[in-house]
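Peer 1: What follows is a predicted protein model with its sequence.
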Amino acid sequence: MSKNALARAADDVRAGHYAGLSIGAWRWLAAGVAIALAAALPFAASKYQVFELTMVMIYAIAVLGLNILTGYNGQISLGHGGFFAAGAYTTAILMNRYGVPYWATLPPAALVSFVLGVLFGLPALRFEGPYLALVTLAMAVAVPQFLKYFDTWTGGVQGINLIKVTPPAGLGLDHDRWLYFVVLVILVLAMRVAANLLHGRTGRALIAIRDHPIAAAAMGIPTARYKTLAFGTSTMFTGVAGALAAIVIGYVSPEGYSVFLSLSFLVGSAIGGIATIGGAIVGGLFIQFVPNLANDISDAAPWAVYGLAMLLFMYAMPRGVVGSPGPWFRRLSRRMRPHDAALRQ
Amino acid sequence: MTAQKAIMAGLSAVGLFLAVGLAVAAEHNGPGVSDTEIKIGNTLPYSGPASGYSAIGKAQAAYFAMINDQGGIHGRKITYLSRDDGYSPPKTVEQVRKLVEEDQVLAMFQTLGTATSLAVRGYLNDNKVPQLFVATGADQFNDPKHFPWTMGWQPSYRTEARIYGRYILDKLPAAKVAVLYQNDDFGKDYLIGLRAELGDKADKMIVAMQSYETTDPTIDSQIVALHASGADVLLIAAIPKYTTLAIRKVYDIDWHPTRFLNSVSTSVATVMKPAGVEKADGVISAAYLKDPTDPQWQGTPGYKAWLDWMKKYYPSGNLADIFTVYGYSTAQTLVAVLEASGDDLTRDNVMKNAASLHELKLPMLLPGITISTGPDDHAPIKQMQLQKFEGNGWKLFGNVIPGSGGQRDATASEGQGK
């Protein structure tokens, strides 16, 4: 591009236009293309790959929950695996013991995880930073034990086998592809809800509480209420993800909800971009695929490879894959007009 | 017939012959099978807290390597695809699906762990994939009526408890029995097995039961309570850490009941020595494999063959580790099933042969213990031999005792995790 054209492009960027479309329009287009691609994928992929992609989306929903709490509201949680388990077991018990159809277990799972999150969020108000991290870690280590203890409800160590979901007749979809679409719809819904929440007043309040809690309180934001609601909303997302995971995998047991799961969510969140919505999908991809890839690369030390991958991502993209390009573009557009004071932010 | 018609007829005949031949050949090769290869799948915790079991997978791979060097199974080499599931059931589901759908294995072999094997049992049975020789002592894998494609291997915990029960009824008929058990399905399985064997005498003979959680720091109060019941027989159904504590405490409060230890906690290095060999003297347990550190096997041909194999194919393995013997013996069982299937290596035929083993002898099973299965009996090993801890090691005594074969105990507590 010539120097003039570059300058004109930079002007456009400043005005919020990229190649003729506003950034909002670009966002809609990108979302539409992404959804269309996602809807077409299962027909090109094998059953196993569809299953893997469904798990990616489920982890994305779980990570999205964590992004709301830790990324946008600054409350660190090392215990989201516990809420994932809460949603999973709610679904498992309702389906297995009470014969509730799988789709009808999602609202109760959401409710249970929301309530648990609020109950947890209230005492968590007293803790900040590393202390909150410890408290949530307690949740992560306690939940598998609770699950083993209440074994008349949870099946204990043996777990619960869920009834296999039959897709509705006439759609020509098999079990794996049907569940893929169910999860896709819920993911899109979750992202829409998150976007509405986070790009509006509530989001600004949450960010304010994260960045300047005293100033936020001074401005009249009811920090306690917002923080507790952020906790509940976050755990609700992760709980629904857990419920979907139970349905897709078809089995729940305490061994599947270890501390490592909670840590994986945090890793995925950071890698994708902790204060983003789209980053949740990158996080889901990381959680699902990187451990397996690490195993392929090194039989003997796969977790060393995993750690290395984490380090590389964080070094190259400290704000996560989705969070980093924004500041890059801003720096880039600044460099195009170095003498323009308005660009210096 | 004109020449043209004759040629057409000839070609059709050849074509038909080929088609039939191919069809017949295809019928005999299940998924994962070619003229040169048999693919077998496995999941095991190579990482995570249960990674101590990885020696089993390595031993199995080493055994198959030896078989392949010796020509394989009727000329076909075994490709052993063993994947890490980190002992996490969702991971097991993922890896098993990958093995079945992408790698197209003929059968799953020795999925390790109760929860992990349960996670994939439904899927494997729905897809008619053999789930052979599951690596766990839990009882639910002997249920051919509901899960005909699933089969265990080692004596179940209930079988073992029944063997202790039989000994008590035979040698200590007037006994008052106390039981310390881990408060989960592992510990409860022992209780169920013991009660099943004692039958209608169970309520009279079992005078006290105390459970513990794996989070408890000590079990002193439980031992004291059991002592207070006046029992003269104690069954310890616990993992190594708590077995050590129990042996010590029982000795320290000057209580000398006849003690039974479950076979999971018999390691001299991790249980008996820390407890104190003088305190552990006289405890009774059960075994079905030859312990590689037991001097009485040193000169025997079975042990020598195992030792030669270890040195050549698994030199990094620990010669004192019974997991290598376990891996060796399970691999031998699979090889026996595959060989019996001959050229008809379909999943159906493999499962049929797995369920028709008749008194198969393996060199590292205790003498007198054999493997037998049937369409109603998916418990290959049902016998054990009692052993007593004397001095510094375990001494086998008595005869090989048969446990209960066939279906699961009717007294089993159902309704969990179905």
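Peer 2: Sure thing, it's come through.
Peer 1: Pop the domain breakdown of chain A in here.
Peer 2: Following the assignment in automatic domain parsing, chain A carries domains at A:1-44, A:47-271.
Peer 1: Residue A:265 touches residue A:79, doesn't it?
Peer 2: No: using Cβ atoms under 8 Å, residue A:265 is not in contact with residue A:79, being 9.5 Å away. Bear in mind the C-beta positions are built from the backbone N, C-alpha and C, glycine included.
Peer 1: returning to what we had before: any chance of JSON lines for the domains of chain A, columns distance to residue B:287, mean neighbour count and mean pLDDT?
Peer 2: Formatted as JSON lines, those follow (distance: least, Cβ to Cβ, whole Å; neighbours: other Cβ atoms under 10 Å in any protein chain shown; pLDDT from 0 to 100):
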{"stretch": "domain A:1-44", "distance to residue B:287": "51", "mean neighbour count": "12", "mean pLDDT": "79"}
{"stretch": "domain A:47-271", "distance to residue B:287": "25", "mean neighbour count": "21", "mean pLDDT": "93"}
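Peer 1: Please tabulate those domains in CSV, including the columns distance to chain B.
Peer 2: Output for the domains of chain A, formatted as CSV (distance: least, Cβ to the nearest Cβ, whole Å):
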stretch, distance to chain B
domain A:1-44, 14
domain A:47-271, 4
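Peer 1: Tell me which of these sits nearest to residue B:166.
Peer 2: Residue B:166 lies closest to domain A:47-271 among those, at 26.4 Å (Cβ to Cβ).
Peer 1: to the chain's geometric centre, what's the distance from the closest one?
Peer 2: Distance, stretch centre to chain centre, for domain A:47-271: 9 Å (Cα atoms, centre = their mean, to the nearest Å).
Peer 1: Overlap of the contact sets of residue A:265 and residue A:79?
Peer 2: Overlap of the contact sets of residue A:265 and residue A:79 (by Cβ atoms under 8 Å, 6 or more residues apart in numbering or on different chains) is empty.
Peer 1: follow-up on the earlier one: using JSON lines, lay out the domains of chain A together with distance to residue B:383.
Peer 2: Shown next, in JSON lines, are the domains of chain A (distance: least, Cβ to Cβ, whole Å):
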{"stretch": "domain A:1-44", "distance to residue B:383": "50"}
{"stretch": "domain A:47-271", "distance to residue B:383": "26"}
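Peer 1: I'd say residue B:286 and residue B:381 touch.
Peer 2: No: using Cβ under 8 Å, residue B:286 is not in contact with residue B:381; the gap is 11.5 Å.
Peer 1: Touching both of these two, which residues are there?
Peer 2: With Cβ under 8 Å, 6+ apart as the test, residue B:286 and residue B:381 both reach residue B:155.
Peer 1: Name the surrounding residues that touch the helix or strand containing residue A:205.
Peer 2: Assigned by DSSP states H and E, residue A:205 belongs to helix A:201-211. Outside helix A:201-211, the residues that touch it by Cβ under 8 Å, 6+ apart are A:68, A:72-74, A:197-198, A:215-216, A:219, A:221, A:223, A:226-227, A:230, A:275.
Peer 1: can you give me the end-to-end distance of stretch B:120-140?
Peer 2: 13 Å (Cα to Cα, to the nearest Å).
Peer 1: residues of it that come out buried?
Peer 2: By 16 or more other Cβ atoms under 10 Å in any protein chain shown, the buried positions in stretch B:120-140 come out as B:120-125, B:129-140.
Peer 1: out of those residues, who's near chain A?
Peer 2: Counting by Cβ under 8 Å from any Cβ of the partner chain, B:120, B:121, B:122, B:123, B:138, B:140 from the buried residues of stretch B:120-140 sit close to chain A.
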